[in-house]
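J.: next one to model:
(chains A and B)
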Protein chains: 2
Amino acid sequence: MASEKVRRPRAEPPKGFRDYFGAEVTERKSMLDAIAGVYHRYGFDPLETSAVETVEALGKFLPDVDRPNEGVFAWQEEDNDWLALRYDLTAPLARVAAQYRNELPSPYRRYAMGPVWRNEKPGPGRFRQFYQCDADTVGSGSVAADAEICAMLADALEVVGIPRGDYVVKVNNRKVLNGVMEVAGVLDPADPEKFAHERGIVLRAIDKIDRLGPEGVRALLGEGRKDESGDFTKGAGLSVAQAEVVMGFTTARRDSGTETLARLRELVGTSTVGAEGISELEAIAALLSAQGYGPDRIMIDPGVVRGLGYYTGPVYEAELTFQITDEKGRPRNFGSVAGGGRYDGLVKRFTGQDVPATGVSIGVDRLLAALRAKGRIGGETAGPVVVTVMDRERMADYMTMVGELRQAGIRAEVYLGNPKNFGNQLKYADKRASPVAVIQGGNEAAAGTVILKDLILGAKIAESATLEEWKDRPAQVEVPRGDLVAAVRRMLGQ
Amino acid sequence: MASEKVRRPRAEPPKGFRDYFGAEVTERKSMLDAIAGVYHRYGFDPLETSAVETVEALGKFLPDVDRPNEGVFAWQEEDNDWLALRYDLTAPLARVAAQYRNELPSPYRRYAMGPVWRNEKPGPGRFRQFYQCDADTVGSGSVAADAEICAMLADALEVVGIPRGDYVVKVNNRKVLNGVMEVAGVLDPADPEKFAHERGIVLRAIDKIDRLGPEGVRALLGEGRKDESGDFTKGAGLSVAQAEVVMGFTTARRDSGTETLARLRELVGTSTVGAEGISELEAIAALLSAQGYGPDRIMIDPGVVRGLGYYTGPVYEAELTFQITDEKGRPRNFGSVAGGGRYDGLVKRFTGQDVPATGVSIGVDRLLAALRAKGRIGGETAGPVVVTVMDRERMADYMTMVGELRQAGIRAEVYLGNPKNFGNQLKYADKRASPVAVIQGGNEAAAGTVILKDLILGAKIAESATLEEWKDRPAQVEVPRGDLVAAVRRMLGQ
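T.: Residues are numbered from 1 along each chain as shown, chains lettered A, B, ... in the order given. You can find the predicted model right below:
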């Protein structure tokens, strides 16, 4: 037959998407299951919305934009509606909280876990589909709701394998920053709209403190800053004294919560909103302390500035405090794995009603990386016992063996490839990380026995220079056929 | 302030999409977890591909179609690539099997669970996002792989709560039908392309046997059929005798597998492919019987015709045999909940190589409906214990109570709404299906006690005409604060 040039599709996922195999799937699943167990115990109910929302409900875009897929994957339906893949789990929650406001309990505690999609330039380690794991309380303005989320976050970290002492949940409050901004002269309680532009610059500046350092932020609070490329960013125009008040906020943390609160009280002076923010922080600390969550687990730290522009009250962030080695071989703290806070306007877009809400989002991939760094996951996972096929006419015998092993709860497979080359079967068992191979040729069948090959021991012997330590443990045994299950169990150390 | 007319977004998901709340999420998850446990024990590895594939890899469409989103949700990227949401879990498996053909073990046993998307007209109970749960073995041409999938399917049904006797896995074989088609004169082994058109009509006709009945199928096998609207569908042009051979195939099932096979042997006459199909069915039955899967669980039934046009060898379908009452009040069998078979060309599109594969897909929603019909799920699920707030100044005390309950593994919440109206708190507890409310007012606090209200008992008393049966069980008790956890446990019957 003449060879025909066929145009074949590329066997690749789209750029920025990836596949997850075996342990990558089960490790994430185990982690999410453990977190869901904590959320459940706290009375949170699962909610699963679909991947697709109307662009209108997502509310990211102006109605007159022709092709509103900036940042999201969006497409136009034949009936002209624009649909999009959700970019987080908060926007669908807002839609649900509005749609079912008469049916849902109020307050409504819900958790959600699942993939979200971002139409962004993919980069190394940056994917366009990734998991989020959120818990939110909608309809409670009480700081008890914030305290609860912080306690739940601490419990969740411990249950997945981050021991106490290796994490801290840091709490800050946007209202304290507002008080500081009053003192710094960029917030006028009598005219909340005034200085909005300057406050925007202040918020963006302190959000960049990790990257720019204190001097960079000071420059942006004052006249402005020229970056390395020579571009100039205009600053908020604060005087040096005013800028110091703002800078003082980010470094207000002291050795104890009481001292930190005292320092914040100095900074906010007579500001009403500032005082309110401080008493919220006090209340949160008191509620948590009553339940045994001391500052070793949850602490007040005004250094938490991420998201202060978005949140409206308490803000929290879970940081892992153990050290890892970065790409350049230097030790550094692992850093943030979860964050959240209180936000307004969740439901208001839909209903016009103010509905307070507070919630947290756990960075699933970051936390998995942390567990891997701690050696909690990612160890050798044993594959299935492999029953080899010595005689293809006796497939029923081999399937019976594998059936008995499975009945006993042992993960097991019969080799289903072409059995002609026995070496291929052992290579297959190796690829499957199989702990034990079961072999029964004609002689064993006649003798009523099976041979069990300890593949883990075999691999160790192959690696080890001295055989001394293994000589009492044979890597291969012949046992009566009736002892198959018991002997495999012994070899697996069960 | 003047009321301003604001254009608000509709709080609705797109048409054909829905939200899943609470038990709807956890029941599905439990079912999938149980199935995954079986798949795992059989040596199948999880694979999670992303929701998005290139349209090219999905391979549903001609390259010259301008807007290739017929049946799928598709959109064009800025770099002109067309992307789409996956419409099943088989197409991504094909892509992965081709992409990683050098890394994956061969044979490759994989399972996948997750949503898929169909851009179809939504209807009652028909959604555009739904779950699939698949297991496939790629790279084995052995019928042992088919037998294994059938056994695994039976195990999976039992593990989720379909008792033995309430299901049967039926096995058929496309090759037997090919033999029958040879006898019926629409397949010439010497010229496989000949009569392709007629065979297409035959395949479509028998696929419709449930809807059209035997007479309708006979008409389509012969000259053709006029439907109720008067439209005429041209038939395959078989003679009455030839058509009877095909009809004989669909009704070849006898009381035992041996008798069924004997009848099929008559039907396929001297056809080589027909004989091959029959010996495959024999081999499957023998392999399964050796493992204890008798015809009460897995049987040969040539009446399984669904998908025969797609599959190339053994075909299987799991049917639930218990009766339910349909919309019109008539009893009928529950019917199919899973199906699969052997198919070629999975990887060939990408690599040009023939890779045999066989697999099954469980209809997640159908199986959930079956479990609901059997009363295995969907019972009353108890909500959390609700600790009410009598005195908002003592929130720390209430949170301490709830903390103790959670520490003891009891699902519990403190009421986080406005505590002013106590009736609202009990209404909230009711909406949460709370089994127990915990109450501590000033008197109880002073006395060092708490009141526990048995809300389940309370509801029963409210329903019941005679109070007699409840009078010895008080619906409300006052216990020492220190006994909170133990007393709640007692009330929950733990």
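J.: got the buried residues for the helix or strand of chain A with the lowest mean pLDDT?
T.: In chain A, no helix or strand scores lower on mean pLDDT, DSSP states H and E than helix A:455-463, which sits at a mean of 77. For helix A:455-463, a neighbour-count test (16 or more other CB atoms under 10 Å in any protein chain shown) marks A:455-458, A:461 as buried. From N, CA and C alone the C-beta is placed, and that goes for glycine too.
J.: any part of the helix or strand that contains A:K453 near chain B?
T.: Element membership of A:K453 [criterion: DSSP states H and E] is strand A:449-454. No. Strand A:449-454 stays clear of chain B (CB under 8 Å from any CB of the partner chain), getting no nearer than 15.9 Å.
J.: who does that strand pair up with?
T.: strand A:436-439 (antiparallel), strand A:476-480 (antiparallel) (DSSP bridges).
J.: quick one: name whatever helix or strand follows the longest one.
T.: When you say that, I think you mean strand A:476-480. Next along the chain after strand A:476-480, with elements defined by DSSP H and E, is helix A:484-491.
J.: show residues contacting that next one.
T.: With contact meaning CB atoms under 8 Å, 6 or more residues apart in numbering or on different chains, helix A:484-491 is reached by A:385, A:401, A:404-405, A:408, A:410, A:435-436, A:438, A:450, A:452, A:454, A:477, A:479.
J.: stretch A:188-204 now?
T.: Contacts for stretch A:188-204 (CB under 8 Å, 6+ apart): A:181-182, A:184-187, A:220-221, A:234-238, A:246, A:271-273, A:308-309.
J.: gap between the two ends of it?
T.: Taking CA to CA, to the nearest Å, stretch A:188-204 runs 19 Å from one end to the other.
J.: give me the residue from the stretch 351-494 of chain A nearest chain B.
T.: The nearest approach of the stretch 351-494 of chain A to chain B comes at A:E413, 3.4 Å away (CB to the nearest CB).
J.: which SS class is that residue?
T.: What DSSP: H, G, I helix; E, B strand; the rest coil gives for A:E413 is strand.
J.: what does the one 5 residues further on give?
T.: Three-state call for A:N418 (three-state DSSP): coil.
J.: the nearest residue to it once chain neighbours are set aside: neighbour count?
T.: Spatial nearest neighbour of A:N418, excluding adjacent residues (CB to CB, 6 or more residues apart in numbering or on different chains): A:N424 at 7.5 Å. A:N424 is flanked by 15 other residues according to other CB atoms under 10 Å in any protein chain shown.
J.: and for A:T381?
T.: For A:T381, the neighbour count with other CB under 10 Å is 11.
J.: what parts of the stretch 151-300 of chain A come near chain B?
T.: For the stretch 151-300 of chain A, the residues in contact with chain B (CB under 8 Å from any CB) are A:151, A:286-287, A:290-292.
J.: ok, now with 6 Å
T.: A:286-287, A:290-291 (CB under 6 Å from any CB of the partner chain).
J.: take the residues you listed and lay them out in TSV including neighbour count, secondary structure and pLDDT.
T.: TSV is the format used below for those (neighbours: other CB atoms under 10 Å in any protein chain shown; DSSP: H, G, I helix; E, B strand; the rest coil; pLDDT from 0 to 100):
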residue	neighbour count	secondary structure	pLDDT
A:A286	15	helix	95
A:L287	25	helix	96
A:A290	17	helix	93
A:Q291	20	coil	93
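J.: what's near enough to touch the residue nearest to the spatial centre of chain A?
T.: When CA atoms, centre = their mean is applied to chain A, the residue found nearest the centroid is A:V364 (1.4 Å). A:V364 sits next to A:131, A:133 when contact means CB atoms under 6 Å, 6 or more residues apart in numbering or on different chains.
J.: go again using 7 Å as the cut-off
T.: A:28, A:131-133 (CB atoms under 7 Å, 6 or more residues apart in numbering or on different chains).
J.: now it: how far from B:A36?
T.: The spacing between A:V364 and B:A36, counted by CB to CB, to the nearest Å, is 19 Å.
J.: which residues touch A:Y131?
T.: A:28, A:113-115, A:364-365.
J.: ok so, going back, please indicate which of the contacts of stretch A:188-204 are buried?
T.: A:181-182, A:184, A:186-187, A:220-221, A:235-238, A:246, A:271, A:273, A:308.
J.: so which of these belong to helices?
T.: Judged by DSSP state H, those include A:181-182, A:220-221, A:246, A:273 as members of helices.
J.: pretty sure the residue nearest to A:N418 belongs to a strand, no?
T.: No. Going by three-state DSSP, the assignment for A:N424 is helix, not a strand.
J.: give me the below-cutoff pLDDT ranges for chain A.
T.: A:1-6, A:60-70, A:379-380, A:462, A:464-474 (pLDDT under 70).
J.: looking at the buried residues of helix A:455-463, which one is closest to B:K431?
T.: Taking CB to CB as the measure, B:K431 lies nearest A:I456 of the buried residues of helix A:455-463, at 54.0 Å.
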